[in-house]
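*Asks:* I would like the atomic coordinates for the input below:
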Amino acid sequence: QVQLVESGGGLVQAEGSLRLSCAPSGRTFVAYVMAWFRQTPGNEREFVAAIRWSGGSTAYADSVKGRFTISKDNAKSTVYLQMNSLKPEDTAVYYCAAAIDWRGILSTRGDAYKYWGQGTQVTVSS
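*Replies:* Numbers count the residues shown, from 1 in each chain. Below is the predicted model:
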C-alpha cells in the first residue's frame, strides 16, 4: 500500500513561517509530479503548489505566489512546502499528493493525483 506522510503543521502567528514535509512510505512507486493542496471545512480542496520530479518545474496558486515555495530532495524522496508570511486565511488542512502520469503535467486539479496523504493542520492566528 502506498502512503504519503505529511509533517510540519501546527499553530503559528500571522507573518510567521512553517515548513511542511511529505515523504512516501509503504509500496514504492514512481511519482512524476508532487503537489500540495489545502482544504477548509465546507470548502473544496484547493490547489496550492506543484513540482515536477524531473527538472523541478513548479506551479503555484496565485494566493500563495511569493510567499510559499515548493521544493524536493531527490535523495530523501521528500517534498517540502516552505510557507512564509502566513496569513489567517492560510489556515487549512494541507494535503500532499502524487501524480503518476508520465507526462508530468503540473495539474491544479485534484483528480490528476492518484495518491494522497492524511493531511496536516496549519492554523494561523491573527
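
*Asks:* hey, let's count contacts and neighbours off CA atoms from now on
*Replies:* Noted.

*Asks:* Strands along this protein, start to end?
*Replies:* Listed in chain order, the strands of the chain (DSSP state E) span 2-7, 10-13, 18-26, 33-39, 46-52, 58-60, 68-73, 78-83, 92-99, 115-116, 120-125.

*Asks:* list the buried ones in the longest one?
*Replies:* Spelled out, that is strand 18-26. 18-24 (16 or more other CA atoms under 10 Å).

*Asks:* how about the strands of the chain in CSV, adding mean pLDDT?
*Replies:* Rendered in CSV, the data for those read as follows (pLDDT from 0 to 100):
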stretch, mean pLDDT
strand 2-7, 92
strand 10-13, 98
strand 18-26, 93
strand 33-39, 98
strand 46-52, 98
strand 58-60, 98
strand 68-73, 97
strand 78-83, 97
strand 92-99, 97
strand 115-116, 96
strand 120-125, 98
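
*Asks:* Look up phi and psi at residue 44.
*Replies:* Dihedral angles of residue 44 (phi, psi; degrees, to the nearest 10) stand at phi -80, psi 160.

*Asks:* so what's the residue most central in space within the chain bridging to?
*Replies:* Note on the chain: the residue nearest the mean C-alpha position is residue 36, at 2.0 Å, using CA atoms, centre = their mean. In this structure, residue 36 has beta-bridge partners residue 49, residue 96, where bridges are defined by DSSP bridges.

*Asks:* And residue 25, by the same measure?
*Replies:* In this structure, residue 25 bridges to residue 3 when assessed by DSSP bridges.
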